[in-house]
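*Asks:* Any chance you can model this:
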Amino acid sequence: MTILNELKAYRHAFLEEMIEFELDGVIKKEAAAAHGRASFETCLSCMDYTSLETTDTVATVTAKIAAMQDKLKGNGLPGVASVCVYPRFAGPTRQSLSGTSIRTAVVAGGFPSAGTFAAVRELECRLAIEAGAEEIDVVIPAGEILEENYQQVYDELVATREICAGVTLKAIIETGELKEIQPIFRAALICAYAGADFVKSSTGKVPVGATPVAITAICEALRQFRARTGKRVGVKISGGVTRPDSAVAYMTIVRHNLGEEWIAPRYFRLGASRLLDELIRECKQYAGSRDK
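*Replies:* The predicted structure follows:
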């Protein structure tokens, strides 16, 4: 496939004005109306609970998983969607989650910069899957998007998709480095055409992570992709999501732009760690009132 020919069919003119209007008006009202225990529980069920510290060890990762499960069970709350770790912890994480519905996710493919050789990125993905990863988060090279080397990015991600056959593939487009709406919009489309199951906003390792504008641009690209191809691609918000109100606001953006069917772990994820305790705290305030 020549990806540039496909991109030409999509329109992002006046997208910036549309995003500004909706975020300042419609989204704020809808997010305020959604504030409540039901939304907080949904955010928990769609969370990729993350441990990506330079000091991680098998002991610290497994202890963190055990503590997370105890907190959720102790408060009668749903399990998270996945636990996301570095590749070497895939096996211990999968073992720690045995007997649960929580999936093992791994960042791979040269995370967080994709600056190594394509063959090395592909090998890391393959090894992570062999070690037990059920979901793979890979970052596409932001510099190549900015240079408009779209075919290279597409071809490399297609190769990764082939290696990751049978597992969930999340493609990270590092919106904080792309900055403008056009490259974010096009990067999301490239990931969709390459077969990614999710488009993810950030590695969380750069100064600017997820923003409402970037997430809305991703959603609009995936809305148009759905209309043109009939295929659904999920959205993962990652990078600086630490407050429950922000999580609900991002969920509202996805719901408003893509529809209610996206608001489930199959198509919506929140990558975070500190957010867990904050969501639990909010749920406690609504104890006994799940419909508010």
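*Asks:* Do a quick rundown of the helices in the stretch 51-200 of the chain.
*Replies:* For the stretch 51-200 of the chain, helices defined by DSSP state H, counting those that start in this stretch occupy the ranges 58-74, 90-96, 118-131, 142-146, 150-163, 175-178, 181-194.
*Asks:* among these, which is nearest residue 212?
*Replies:* Among the helices of the stretch 51-200 of the chain, helix 175-178 comes nearest to residue 212, with 11.0 Å by C-beta to C-beta. C-beta: built from backbone N, CA, C; applies to glycine.
*Asks:* Kindly format the C-alpha coordinates of the closest one as CSV.
*Replies:* Provided in CSV are the C-alpha atoms of helix 175-178 (Å, rounded to 0.1, in the frame of the first residue of the first chain):
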residue,chain,number,x,y,z
THR,A,175,1.8,13.7,20.4
GLY,A,176,3.9,16.0,22.6
GLU,A,177,6.7,15.9,20.1
LEU,A,178,4.5,16.1,17.0
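*Asks:* With mean pLDDT and mean neighbour count as added columns, please give the helices of the stretch 51-200 of the chain in CSV.
*Replies:* Listed next are the helices of the stretch 51-200 of the chain as CSV, based on pLDDT from 0 to 100; neighbours: other C-beta atoms under 10 Å:
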stretch, mean pLDDT, mean neighbour count
helix 58-74, 97, 15
helix 90-96, 98, 20
helix 118-131, 96, 18
helix 142-146, 97, 18
helix 150-163, 97, 19
helix 175-178, 96, 23
helix 181-194, 97, 24
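*Asks:* As CSV, those with distance to residue 207 would be great.
*Replies:* Written out in CSV, the entries for the helices of the stretch 51-200 of the chain read as follows (distance: least, C-beta to C-beta, whole Å):
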stretch, distance to residue 207
helix 58-74, 25
helix 90-96, 28
helix 118-131, 24
helix 142-146, 13
helix 150-163, 23
helix 175-178, 7
helix 181-194, 16
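*Asks:* Residue 227 is nearest to which of these?
*Replies:* For those, proximity to residue 227 was assessed by C-beta to C-beta; helix 181-194 is nearest, at 12.0 Å.
*Asks:* what about the helices of the stretch 51-200 of the chain, which gets the closest to residue 219?
*Replies:* Set against residue 219 and scored by C-beta to C-beta, the helices of the stretch 51-200 of the chain come closest in helix 181-194, at 8.6 Å.
*Asks:* who touches that closest one?
*Replies:* Outside helix 181-194, the residues that touch it by C-beta atoms under 8 Å, 6 or more residues apart in numbering are 1, 3, 6-7, 10, 12, 15-16, 19, 140, 142, 145-146, 150, 153-154, 157-158, 160-161, 171, 173, 175, 178, 199, 213-214, 217-218, 220-222, 224-225, 229, 231, 233.
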